[in-house]
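> Have a look; sequence and predicted model below, questions after that.
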Amino acid sequence: MLIQTMTSLGIPELIAQLIYALLVAFLCVNFIAVYAGVISVVERRVAAKMQSRVGPNRVGPQGSLQWLADGIKLILKEDLIPDGADHFLFKLAPFLMAMGVAGTFAVIPWGPANSAASDMNVGILYLISITSLVVIASLMAGWASNNKWSLIGGMRSAAMIVSYEIPVALGLLPAILIAGSLNMGDLVSAQGWAPWDWIAFNNPFALLGFLLFVTGSVAESNRTPFDLTEAESELVAGYATEYSGFRFAVYTLAEFANTWVVGAVCAAVFLGAGQLPPLLEGSIPLSVAVFVGKTMFMVFVLMWFRWTLPRFRIDQMMEFSWKYMLPLSLVAFLGQAVYFLWTWESEVARIMVSHLMVLVFLGLFFYFLSRTMVNFKHQAVAVNSYKTEIDYLERMGILKPVEAVVVAEEEEGKE
Amino acid sequence: MLLQFGIAFAVIGFMAAFIGLNLVVAKLLSPSNPSAGKSVPYDCGEAPVGVGYRQYNLRFYLVALVFVIFDVEIAFMYPVTAIFKDLTLEGWGGLAFAEILIFVAILTAGFVYSWKEGGLDWVREQIGAVKGAK
């Protein structure tokens, strides 16, 4: 659209396309930088809530400017490169890491179908392959640092991302099969606004693919319970141990930008993207809002995983990928193909299955909610009985109640 | 199509430029007082023993080998999956599925072999000890 306007103004088409590409790229990169900053604060606040802490709340209202303070601090920090490090690889690794994550933003839609920056016909394959740059970057960082922690972290990271890349890629296959295309826009428009029109609830195999994709993506973005690469208690900071200053900030930026990638791909491929009901169709802001809502929900789920689950052991993690997720992903793919062969002629069967899936999922969700409510009640009892440490000490008679002391002092003053 | 890939390339390039620019700014603003103590690789505060570049465990290599095979499989599987719907609508679904099944079966045979031989076991008796090799 913008290109057409420019060509009608007399600008040559090639230059118009170049301007368009640069403009889109500029917007994408700025979005990544701001999103990664904001979500880092949000994650810390959410984590604090989950652990009954306060979290960063000093810089700006409710700590909302903390990310700017962090960024400025990291830019102003001295940039150290350890003795004996491979300078070229050491400096190259953060670039590759961020470029691998940024590349995916080109094909991620932002709401309606065909709203991605680049409407590539092999969109999802491109997305899978460009993420592989991250493996090289983490290996490179681990190897170049001349540090044993970094080396172990980099090796683990490479082994882990490589293992989980296969279930992730195979988990996407059911969705591709249903849409019959590798294009992100086609994947979005293959879905409807209602949950039973989403690919995730199309049939049991697609749901299996979705679950495999989410689990594998958590591992690929190096987040707990799969954060063995930067397990603080074991490996200091993994492959980023020797990095400081802005180079370190790049790793954090890539990690947090990755949460958007995972959330947005889940939302776009499996959860109906920004599709709206027929009455509201065509409203772009609403569609974007729906899409961002779904994405942020998935990002919240990732945070939820991170702060409630303990870390795996390395052998458990590798076994989980190769011995459970890989066979399951093959089952999901072949099952989807059989299901499609059986039901492509009968619309009724497909509608029944998808509605049943939604019902089953809702049932599981409410069961989960009821169990959680029980936990909340227990917690409320525990918290209310001793609100604070001081309250506890007062009840135990170790500390005098504050009011009593104040009253006593006032009475002394009167006399 | 050139434009679509051009946009992807521009996004990647812009990210690199963004980092490069910030690194230049950091270089201008940040202090630089190198000292012998600061640039020692971190080894829990002790003087590091030997270098960081060490020989590493073979099991990572085995995992990487299996990964390469499966990654190639994915590269073959994506195009077939993308046109599977069209093939089914044209009546070739059964044949396409049979071909996929043969491909996956061969691959699964290799996968099962590697599993049985202990190529996927993380913890082994000793490094390089594969069950069949006794």
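Cool, got the structure.

> so A:L326 touches B:F111, yeah?
Yes. Here A:L326 reaches B:F111: they are 7.4 Å apart, a contact under Cβ atoms under 8 Å. Yep, even glycine has a C-beta here, placed from its N, CA and C like the rest.

> can you list residues touching both of the two?
B:F70 (Cβ atoms under 8 Å, 6 or more residues apart in numbering or on different chains).

> wait, does stretch A:293-313 make contact with chain B?
No. Counting by Cβ under 8 Å from any Cβ of the partner chain, chain B is not contacted by stretch A:293-313; separation bottoms out at 9.1 Å.

> Residues contacting that stretch, please?
By Cβ under 8 Å, 6+ apart, stretch A:293-313 touches A:39, A:43, A:46-47, A:50-51, A:214, A:218, A:221, A:223-228, A:231, A:259-260, A:262-264, A:266-267, A:271-273, A:320.

> Quick check: buried residues in that stretch?
A:K294, A:T295, A:M296, A:M298, A:V299, A:L302, A:M303, A:F305, A:R306, A:R311, A:F312 (16 or more other Cβ atoms under 10 Å in any protein chain shown).

> and after the lowest-mean-pLDDT helix or strand in chain B, which helix or strand comes next?
Lowest on mean pLDDT, DSSP states H and E among the helices and strands of chain B sits helix B:58-89, with a mean of 84. Where DSSP states H and E defines the elements, the next helix or strand beyond helix B:58-89 is helix B:93-116.

> Just the C-alpha atoms of that following helix, please, in CSV.
Coordinates of each C-alpha in helix B:93-116 appear next as CSV, following Å, rounded to 0.1, in the frame of the first residue of the first chain:
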residue,chain,number,x,y,z
GLY,B,93,-4.1,-38.5,-0.2
GLY,B,94,-3.6,-42.2,0.3
LEU,B,95,-0.6,-42.4,-1.9
ALA,B,96,1.0,-39.3,-0.3
PHE,B,97,0.4,-40.8,3.2
ALA,B,98,1.9,-44.1,2.2
GLU,B,99,5.0,-42.3,1.0
ILE,B,100,5.3,-40.3,4.2
LEU,B,101,4.8,-43.5,6.2
ILE,B,102,7.7,-45.2,4.4
PHE,B,103,9.9,-42.2,4.9
VAL,B,104,9.1,-42.0,8.6
ALA,B,105,9.4,-45.8,9.0
ILE,B,106,12.9,-45.8,7.7
LEU,B,107,13.8,-42.9,10.0
THR,B,108,12.1,-44.5,13.0
ALA,B,109,14.1,-47.7,12.4
GLY,B,110,17.3,-45.7,12.6
PHE,B,111,16.0,-43.9,15.7
VAL,B,112,15.1,-47.1,17.4
TYR,B,113,18.5,-48.6,16.6
SER,B,114,20.3,-45.6,18.1
TRP,B,115,18.1,-45.8,21.2
LYS,B,116,18.8,-49.5,21.6
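
> Find the helix or strand that the closest residue to A:W110 other than its chain neighbours is a member of.
Spatial nearest neighbour of A:W110, chain neighbours left out: A:V288 (5.9 Å); criterion: Cβ to Cβ, 6 or more residues apart in numbering or on different chains. Per DSSP H and E: A:V288 is located in helix A:284-308.

> That helix: how far from the chain's middle?
9 Å (Cα atoms, centre = their mean, to the nearest Å).

> what comes into contact with the next helix-or-strand element following that helix?
Note on helix A:284-308: by DSSP H and E, the next helix or strand toward the C-terminus is helix A:314-319. Residues outside helix A:314-319 that contact it (Cβ under 8 Å, 6+ apart) are A:R156, A:A159, A:M160, A:S163, A:A219, A:F226, A:L228, B:V63, B:L120, B:D121, B:W122, B:V123.

> dump the residue contacts of the first one.
So that's A:R156. Taking Cβ under 8 Å, 6+ apart as the test, what A:R156 contacts is A:L228, A:T229, A:L235, A:G238, A:I314.

> again, but for A:W260
Going by Cβ under 8 Å, 6+ apart, A:W260 touches A:I32, A:Y35, A:I39, A:F105, A:I108, A:T295, A:V299.

> returning to what we had before: just the buried subset of the contacts of stretch A:293-313, please.
Buried, going by 16+ other Cβ under 10 Å: A:39, A:43, A:46, A:214, A:218, A:221, A:223-228, A:231, A:259-260, A:262-264, A:266-267, A:271-273, A:320, out of these.

> that older thread, adding distance to A:R247, write the buried residues of stretch A:293-313 out as a markdown table.
Below are these laid out as a markdown table (distance: Cβ to Cβ, whole Å):
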| residue | distance to A:R247 |
| --- | --- |
| A:K294 | 33 |
| A:T295 | 28 |
| A:M296 | 29 |
| A:M298 | 29 |
| A:V299 | 25 |
| A:L302 | 25 |
| A:M303 | 25 |
| A:F305 | 28 |
| A:R306 | 24 |
| A:R311 | 25 |
| A:F312 | 28 |
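
> and of those residues, the nearest to chain B?
Taking Cβ to the nearest Cβ as the measure, chain B lies nearest A:F312 of these, at 11.4 Å.

> Quickly list the domain ranges of the chain.
Defaulting to chain A. A:1-76, A:80-342, A:346-379 (automatic domain parsing).

> actually it's chain B I care about, not the one you picked
Using automatic domain parsing, chain B is parsed into the domains B:1-29, B:58-116.

> Highest mean neighbour count out of those?
domain B:1-29 (a mean of 18; mean count of other Cβ atoms under 10 Å in any protein chain shown).

> What residues does residue 108 make contact with?
Just going to use chain A. A:A116, A:A117, A:L127, A:M184, A:W260, A:V261, A:A264, A:V265, A:A268.

> meant chain B actually
A:L330.

> Next one: it, what pLDDT does it get?
pLDDT for B:T108: 89.

> Save the contacts of helix A:314-319 as a markdown table, and put in distance to B:A8 too.
Putting these into a markdown table (distance: Cβ to Cβ, whole Å) gives the following:
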| residue | distance to B:A8 |
| --- | --- |
| A:R156 | 30 |
| A:A159 | 28 |
| A:M160 | 26 |
| A:S163 | 26 |
| A:A219 | 25 |
| A:F226 | 28 |
| A:L228 | 31 |
| B:V63 | 30 |
| B:L120 | 35 |
| B:D121 | 40 |
| B:W122 | 36 |
| B:V123 | 41 |
